[in-house]
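Q: sharing a model that was predicted from the sequence below.
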Amino acid sequence: MAFLFNTTRNFSLYTIPAAWAIAFAPHAYAETQSKVFDNRSPRTYAQTLEKDQNHRQRGGTPFPNALFISNTLQTKARILRAEAAQTNCFENLALLATTVLAGNLAGLPAATLNTLSGGYLLSRVLYNFVYINNTSKGLASLRSVGFLAGIGQIFALFIKSANVLREKAANLL
């Protein structure tokens, strides 16, 4: 169990594929929640759901050709939020990858790389969970905190890398 807390070994590069998996997870979840997902045209999934009128309020009668497994407006909204969470995660993936690579190039300590890149992963898990299950302004604020925490860790890693690389460049002159 001690190996899980070993900060002397650099695991930061592994956070890049882990971040990809965290980014994909909301989409995988959304796929299981409706019958409308078509792998031949996956990018139209959210648009198809937005246009769908085959849903019912809680306790109402479903339409015979309902597209949702749990046929409620809440499910539709949760699926759309899951797709939005996935999009946001993939939009930020390049920024994470760039900063992790910059940190490794700069030779930052393994503890710094692991802490900041691992913290980013945790913030994205929180972000996804809250985004998908968000039903209030309070949870929306918590989602924003999760987002900003992740971006803050990326920026910290980038700034630390830039400081080290700036010093190395100055020493070359």
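A: In hand now; what should we look at? Since the structure is predicted, the reported quantities are computational estimates derived from the model, not experimental observations. Numbering: from 1, shown residues only.
Q: what's the spacing between the longest helix seen in the chain and its chain's center?
A: In the chain, taking DSSP state H as the definition, the longest helix is helix 137-172. On the basis of CA atoms, centre = their mean, to the nearest Å, helix 137-172 sits 16 Å off its chain's mean C-alpha point.
Q: for it, list every residue counted as buried.
A: Using 16 or more other CB atoms under 10 Å as the test for burial, helix 137-172 gives 142-143, 146-147, 149-150, 153-154, 156-158, 160-161, 164-165. From N, CA and C alone the C-beta is placed, and that goes for glycine too.
Q: of those, closest to Ala84?
A: In terms of CB to CB, no member of the buried residues of helix 137-172 lies closer to Ala84 than Arg143, at 10.4 Å.
Q: OK, contacts around the closest one?
A: Residues counted as contacts of Arg143 (CB atoms under 8 Å, 6 or more residues apart in numbering) are Tyr127, Val130, Tyr131, Asn134.
Q: change it to 10 Å
A: Arg143 makes contact with Arg81, Ala85, Asn88, Leu126, Tyr127, Asn128, Phe129, Val130, Tyr131, Ile132, Asn133, Asn134 under the criterion CB atoms under 10 Å, 6 or more residues apart in numbering.
Q: now those residues: which count as buried?
A: So, by 16+ other CB under 10 Å, the buried ones in the contacts of Arg143 are Arg81, Ala85, Asn88, Leu126, Tyr127, Asn128, Phe129, Val130, Tyr131, Ile132, Asn134.
Q: now the longest helix of the chain: average pLDDT?
A: The average pLDDT within helix 137-172 is 91.
Q: what about Asn104, how many neighbours?
A: 16 (other CB atoms under 10 Å).
Q: now the angle from the helix or strand harbouring it to helix 137-172?
A: Assessed by DSSP states H and E, Asn104 sits inside helix 73-106. Relative orientation of helix 73-106 versus helix 137-172 (axes from the mean of the first three to the mean of the last three CA atoms, to 10 degrees): 10 degrees.
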